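Engineer: Model the structure of this input:
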Amino acid sequence: MAWAFAEPSGQGWTQVFELVTALVLCSLIGLERELKQKSAGLRTHTLVGLGAALFLLVSKYGFTDVLVEGQVVLDPSRMAAQIISGIGFIGGGLIFVRRDVVRGLTTAAVVWISVAVGCACAAGLPLLAAFVTAAHFLVVYGYPPLIRLLTRSRPATSVIRVSYRDGEGVLRQVLALATDAGYVLEQAGTGRRDADEDEERERGGTAVRTSHVVDLRMRLVGPKSVNDLLASLSEQPGVLSVDTGDIDDTSE
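Structural biologist: A predicted model of the protein is given here:
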């Protein structure tokens, strides 16, 4: 039986155009994620948006053969609602927490946007889909400089991670250096772990074994550049490593 490429069957060139529109717009969104080397990149966003568009088209036209006037009535919006709920599984898999730092929120939100764009294309709203795609690029590329401009005069919040040998009074020195550098300690947390290998160091000719390492994480409010503080901390006796990290999701 040949396909009837006409609007009532849901397999006309109008639907093909809607799928192609979803493919192109979601590919543009995914390309931006791919260039930033995010976990959900070009293929993920394209397939998610294209799949959402097809699901909505199936909801609109896929049951025309069972419709009976006055007896069987379908609600295409129910499929769209299930798409929105289902995408939560993918979004949830992209968000992870390391200690108290949340990452992946922006990428998960962009996947959600891709679904919305795909649904809009399939619903016959390409203008709205194109506008949301353009708005995505505005938010991703235009908002970070704006935020930096608005918060330029505010003290910066930085996260410093320090690993040091336990039992040598390093914590007092670290806190003193941070305070002397003009920082205010907003939050701190420590974790104790066994060293990978016992370290030996000479102190007065006696070999001393250290079997525990403390991981200190500090949230500091103060000068924007922490390079000088990092250099000072790394020079302290007993400090094994020093680094800085993001305080929230900056994946954009």
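
Engineer: In terms of helices and strands, where is M218?
Structural biologist: Secondary structure assigned from DSSP states H and E places M218 in strand 206-222.

Engineer: and what of V20?
Structural biologist: helix 13-35.

Engineer: Only the buried residues of that helix, if you could.
Structural biologist: Buried residues in helix 13-35, counted by 16 or more other Cβ atoms under 10 Å: 15, 18-19, 21-30, 32-34. (Glycine included, C-beta is placed from N, CA and C.)

Engineer: Closest to the centroid, which residue in this structure?
Structural biologist: Nearest to the centroid of the C-alpha atoms of the chain, with distances taken as Cα atoms, centre = their mean, sits G104, at 1.9 Å.

Engineer: now that one: how far from V239?
Structural biologist: According to Cβ to Cβ, to the nearest Å, G104 stands 30 Å off from V239.

Engineer: same check, this time on Q37
Structural biologist: 31 Å.

Engineer: what do you get for P144?
Structural biologist: Distance from P144 to V239, counting by Cβ to Cβ: 32 Å.

Engineer: who's more crowded, these two?
Structural biologist: The residue with more neighbours, out of P144 and V239, is V239; 19 against 12, by other Cβ atoms under 10 Å.

Engineer: Tell me what that one is bridged to.
Structural biologist: On DSSP bridges, the residues paired with V239 through beta bridges are Y164.

Engineer: show me the contacts for it.
Structural biologist: Residues in contact with V239, defined by Cβ atoms under 8 Å, 6 or more residues apart in numbering, are 162-164, 170, 174, 233.
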